[in-house]
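A.B. asks: predicted coordinates and the sequence they were generated for:
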There are 2 protein chains.
Amino acid sequence: MIKKVAIIGGGVIGGGWAARVLLNGLDVYVYDSDPNAEQTLLEVIDNARFSLPMLYESKLPNEGKIKFCESVAEAVVDADWIQESVPERLNVKHDVYDEIQTFCKTSAIIASSTSGFKPSELQENSKAPEKIIVCHPFNPVYLLPLIEVVGSDKTSARDIKKAMDVLKKLGFFPLHVRKEIDAHLADRFLEAVWREALWLINDDIATTSEIDNAIRYGFGLRWAQMGLFETYRIAGGKAGMQHFLSQFGPCLQWPWTKLMDVPELTDELVKKIASQSDSQSGDKSIRELERTRDKNLVAILRSLKQQNFAAGNLISNHEEMISEKKTLKNKMIVSVERVIPVDWTDYNGHMNEGRYGQVFSDAADGFLSSVGVDSVYIDSGNSYFTVENHIKYLNETLAGEHIYVDTSVLLVDGKKLKLFHTMRRKTDKIELATCEQFLLHVDLNTRKSSEPVGEVASKLQEIFK
Amino acid sequence: MIKKVAIIGGGVIGGGWAARVLLNGLDVYVYDSDPNAEQTLLEVIDNARFSLPMLYESKLPNEGKIKFCESVAEAVVDADWIQESVPERLNVKHDVYDEIQTFCKTSAIIASSTSGFKPSELQENSKAPEKIIVCHPFNPVYLLPLIEVVGSDKTSARDIKKAMDVLKKLGFFPLHVRKEIDAHLADRFLEAVWREALWLINDDIATTSEIDNAIRYGFGLRWAQMGLFETYRIAGGKAGMQHFLSQFGPCLQWPWTKLMDVPELTDELVKKIASQSDSQSGDKSIRELERTRDKNLVAILRSLKQQNFAAGNLISNHEEMISEKKTLKNKMIVSVERVIPVDWTDYNGHMNEGRYGQVFSDAADGFLSSVGVDSVYIDSGNSYFTVENHIKYLNETLAGEHIYVDTSVLLVDGKKLKLFHTMRRKTDKIELATCEQFLLHVDLNTRKSSEPVGEVASKLQEIFK
């Protein structure tokens, strides 16, 4: 795995990269020619610190270090990965690559956040063109998983693979775009929708707010989980995709879109859009909108995680990579350590009482996995079910708080198991709640209680003796 | 409110309408010339029965009745709302309207599910053109809220308003498209993306699966909550929308999309897409894909509901419309009645123990609201916090099960309140769990315990005496 990452060009995109890397435990060296960049970047990292840890049921690695550098040279020397997010002007990017490659290690990957340029264009006149690839992220970079990875003829398959591996370890979904093309894949779709939206506003058919509603109450909900083709496959029904396509054929000839044409961004059109956007969202600051967006994204991503689907499945896999193995120490175990996510609070503004039950359920899982009740054991038809919980709520818990649970064993007696959990806040170790939990070992086939088997039984005996 | 709905044209769209109407307690009369339509329609309703009730924390109204009719006449006579979802051929639709208007009430609204035709086209040669409007839904109609409502010059503002009101009561988000235009709003975007996707496959740039991933791991997640413009407003940052637009201006001239051109759907292209789609999703039946899609949509919609945003906010408002007021009877109250949603289960395949705590938290809320602890009381700085829960888990609970909770009062003593909840399965009244719950009245400003005030105090005294 890489150790040191250089961020060339701060701002919202560079800051998003910095945040994702930092919160995954790596050190970050930032260079931006704009003296105000540090402020923007720290705001982005602040947003990420609030939201990214909420995606996981375990704690993230300890944060890496961040250093703001005085020059490109200072940032890139020794870096294993250099992420370039400077403005979208080819000559600017070429100059930056020249400076980077004068000082960086020959093995370092230089990844560009460009949304428009092809890697072969970026590589023109380079000292080592084969090390420059496109890794195009989506805003907010610390929450959205997609990275479009694009190489040119000069790029080695080995470097593409290396880049994909690094990105996966950071929790991204790297999508290898196998042929270079202007704007890669996703932005071509965004551009198509954007042009059509501009026409609809230009022609006074709809306002910015109506267009947003046409998206988020309809196909936007579909696209957060399946994309275009799987959705249409379902719509086609049992007759199949081929039938669906032949039905759709004639419609393609209809004059549905204005996309053949590009609307001119006159001053008048720009003002119209800006003023509609103001009346739609002008009462909220960008910072407030960012927080709202991020809370929604956390909630949606967590809902997909619970369904183990798409981006949610990705987070589970990443969680497995970063989770530390839980071990017993003096018959005690730290069975849970995590951040309280935004979807756990209720109208009283604090964590709902039901979610304490979920934390203690996870605490039981954490303890049980340390004595061998893991997916293999469960697949073999054995598990523990909780039959009784006695929870005392001692202090309020808020979204964003870092908590942990100590678990000890009160009783092991055949199929009976009693645990005692104490949930504490990390910062001041104050007790937030306790739970006395009575579990029974269960045969998952008969759904009736049964004795634990094999190593699980002996490990439990050993702890309780 | 309307009482009787006629569905002309079954299939996936007509079936989706039927399901939404039926599950909101209205009677449905269906006519479709295809003798196989009944089967398809019942399958759609079956999907809806599984997923739609999961969106709500309270039970839906009792289901209406469904009748399959032998003729258009039989279906539409007495109907207040007639939903037409026949194939997208104008002459077919005209013939159907002619038959409908021969038999229906003059006050009935005739709403078309058309995705392509303008209302003025539908109205040509009609006996009463002003009663025909477009109400264009999105698949699955029983879960996605968006309906595009479009009238022509002949349509009265009164009928548009009436249609919007009816749709809101069914839990939809009616979006009034103020000017008629081919394909309304959303499908113009879908068409733009679809054309570009066809080119990418035609030119072997990407496969169906890669395109789906480019959508659902990136901008699809953004569009499920905010749309295009609010998302870009945030991306523009503090410099504002006008600045963002002037930056975006030059890009519009770039050759990013092929949308000027329509790809020919040759046999070869159709086969390529169908075969890529098969290798992407061919191992799952359409029914399985539908269930997966619906579970994901339920989970996403519920996550937005918890954040009280966009489609989630809509569901909360609809829930308030359909919830029955809870009242005490012999000092007991049915404090919760609901269906267990898919996002409440864990790896053991049953409802997680934490979610029982949530049900009992809702049960306390149900009881408390009946004695006057409502949003007004809470806004005045008063609430109850749970300090201790003793839960006994008696039987497993599964997603989709209809449950209810009986709540009685064990103790009222100043700031102290003790409740006893019994959660039962609706079908056989079997006990699933019990909870003894100890609550303290709290001053929300000091976050310390305090005596209940006003009517709440006296009502509680009266119950416990």
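C.D. replies: That came in fine, so what should we check first?
A.B. asks: can you pull the domain assignment for chain A?
C.D. replies: Chain A breaks down into these domains under automatic domain parsing: A:4-184, A:187-283, A:325-464.
A.B. asks: the second one: end-to-end distance?
C.D. replies: Domain A:187-283 has an end-to-end distance of 29 Å (criterion: C-alpha to C-alpha, to the nearest Å).
A.B. asks: ok, stretch A:15-34 next?
C.D. replies: Termini of stretch A:15-34 sit 13 Å apart (C-alpha to C-alpha).
A.B. asks: so what's the closest residue to residue A:453 other than its chain neighbours bridging to?
C.D. replies: Once flanking residues are discounted, residue A:453 sits nearest to residue A:382: 6.3 Å by C-beta to C-beta, 6 or more residues apart in numbering or on different chains. All C-beta atoms are positioned from the backbone trio N, CA, C, and that covers glycine. Taking DSSP bridges, one obtains residue A:443 as the residues bridged to residue A:382.
A.B. asks: picking that back up, now render the domains of chain A as TSV, adding mean neighbour count and mean pLDDT.
C.D. replies: As requested, the domains of chain A are exported to TSV (neighbours: other C-beta atoms under 10 Å in any protein chain shown; pLDDT from 0 to 100):
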stretch	mean neighbour count	mean pLDDT
domain A:4-184	20	95
domain A:187-283	20	78
domain A:325-464	18	93
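A.B. asks: contacts only, for the residue of the stretch 51-200 of chain A found nearest chain B.
C.D. replies: Closest residue of the stretch 51-200 of chain A to chain B, C-beta to the nearest C-beta: residue A:146 (3.5 Å). Residues in contact with residue A:146 (C-beta atoms under 8 Å, 6 or more residues apart in numbering or on different chains) are A:137, A:138, A:172, A:173, A:175, A:186, B:213, B:214, B:217, B:218.
A.B. asks: which residues in chain A form strands?
C.D. replies: Ranges of strands in chain A, per DSSP state E, are A:4-8, A:27-31, A:66-68, A:81-84, A:109-112, A:132-136, A:146-150, A:173-177, A:332-339, A:382-393, A:402-413, A:416-425, A:431-443, A:448-449.
A.B. asks: neighbouring contacts of the last one?
C.D. replies: Yep, that's strand A:448-449 we're talking about. The contact list for strand A:448-449, computed with C-beta under 8 Å, 6+ apart, reads A:415, A:440, A:441, A:442, A:443.
A.B. asks: distance of residue A:216 from residue A:376?
C.D. replies: 42 Å (C-beta to C-beta, to the nearest Å).
A.B. asks: please apply the same query to residue A:95.
C.D. replies: On the measure of C-beta to C-beta, residue A:95 and residue A:376 end up 55 Å apart.
A.B. asks: would you map the helices across the stretch 51-200 of chain A?
C.D. replies: Remark: helices assigned in the stretch 51-200 of chain A by DSSP state H, counting those that start in this stretch are A:72-76, A:90-103, A:119-123, A:157-169, A:186-202.
A.B. asks: for residue B:100, which of these is the nearest?
C.D. replies: helix A:186-202 (31.7 Å; C-beta to C-beta).
A.B. asks: other SSEs contacting that closest one?
C.D. replies: helix A:208-214, helix A:267-281, helix B:186-202, helix B:228-236 (3 or more C-beta pairs under 8 Å, 6 or more residues apart in numbering or on different chains; DSSP states H and E).
A.B. asks: got the angle between it and strand A:173-177?
C.D. replies: Using axes from the mean of the first three to the mean of the last three C-alpha atoms, to 10 degrees, one finds that helix A:186-202 and strand A:173-177 are set 90 degrees apart in direction.
A.B. asks: a markdown table for the strands of chain A, including distance to residue B:370?
C.D. replies: Formatted as a markdown table, these follow (distance: least, C-beta to C-beta, whole Å):
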| stretch | distance to residue B:370 |
| --- | --- |
| strand A:4-8 | 57 |
| strand A:27-31 | 55 |
| strand A:66-68 | 54 |
| strand A:81-84 | 57 |
| strand A:109-112 | 60 |
| strand A:132-136 | 55 |
| strand A:146-150 | 48 |
| strand A:173-177 | 48 |
| strand A:332-339 | 36 |
| strand A:382-393 | 23 |
| strand A:402-413 | 34 |
| strand A:416-425 | 32 |
| strand A:431-443 | 28 |
| strand A:448-449 | 38 |
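A.B. asks: what does the stretch 351-465 of chain A put close to chain B?
C.D. replies: A:352-361, A:378, A:383, A:385-393, A:396, A:444, A:447 (C-beta under 8 Å from any C-beta of the partner chain).
A.B. asks: ok, now with 10 Å
C.D. replies: Taking C-beta under 10 Å from any C-beta of the partner chain as the measure of proximity, the stretch 351-465 of chain A contacts chain B at A:352-362, A:364-365, A:375, A:378, A:383-396, A:433-440, A:442, A:444, A:447.
A.B. asks: go through chain A and flag its longest helix.
C.D. replies: helix A:286-306 (DSSP state H).
A.B. asks: got the angle between it and helix B:228-236?
C.D. replies: Using the same axes, to 10 degrees, the direction of helix A:286-306 lies 120 degrees away from that of helix B:228-236.
A.B. asks: now the residue nearest the centre of chain A: how far from residue A:217?
C.D. replies: By C-alpha atoms, centre = their mean, chain A has its centre lying nearest to residue A:143, at 3.9 Å. Here residue A:143 is placed at a distance of 22 Å from residue A:217 (C-beta to C-beta).
A.B. asks: hmm, residue A:434 is touching residue A:408, no?
C.D. replies: No. Shown here, residue A:434 and residue A:408 do not form a contact pair, counting by C-beta atoms under 10 Å, at 11.1 Å.
A.B. asks: enumerate the residues of the stretch 1-150 of chain A near chain B.
C.D. replies: Counting by C-beta under 10 Å from any C-beta, the stretch 1-150 of chain A sits next to chain B at A:11-13, A:40, A:43, A:87-88, A:115-116, A:136-140, A:143-148.
A.B. asks: touching, residue A:421 and residue A:436? I think so.
C.D. replies: Yes. Counting by C-beta under 10 Å, residue A:421 does reach residue A:436; the two are 8.1 Å apart.
A.B. asks: buried sites along stretch A:281-292?
C.D. replies: Of all the residues in stretch A:281-292, those buried under the rule 16 or more other C-beta atoms under 10 Å in any protein chain shown are A:281, A:286, A:289, A:290, A:291, A:292.
A.B. asks: could you dump those to a markdown table with distance to chain B?
C.D. replies: Shown next, in a markdown table, are the buried residues of stretch A:281-292 (distance: C-beta to the nearest C-beta, whole Å):
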| residue | distance to chain B |
| --- | --- |
| A:281 | 5 |
| A:286 | 5 |
| A:289 | 5 |
| A:290 | 6 |
| A:291 | 10 |
| A:292 | 7 |
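A.B. asks: need those residues in JSON lines with distance to residue B:269, can you?
C.D. replies: Shown next, in JSON lines, are the buried residues of stretch A:281-292 (distance: C-beta to C-beta, whole Å):
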{"residue": "A:281", "distance to residue B:269": "41"}
{"residue": "A:286", "distance to residue B:269": "43"}
{"residue": "A:289", "distance to residue B:269": "41"}
{"residue": "A:290", "distance to residue B:269": "42"}
{"residue": "A:291", "distance to residue B:269": "45"}
{"residue": "A:292", "distance to residue B:269": "42"}
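A.B. asks: figure out which of the helices and strands packed on helix A:186-202 is closest to residue A:334.
C.D. replies: helix B:228-236 (37.7 Å).
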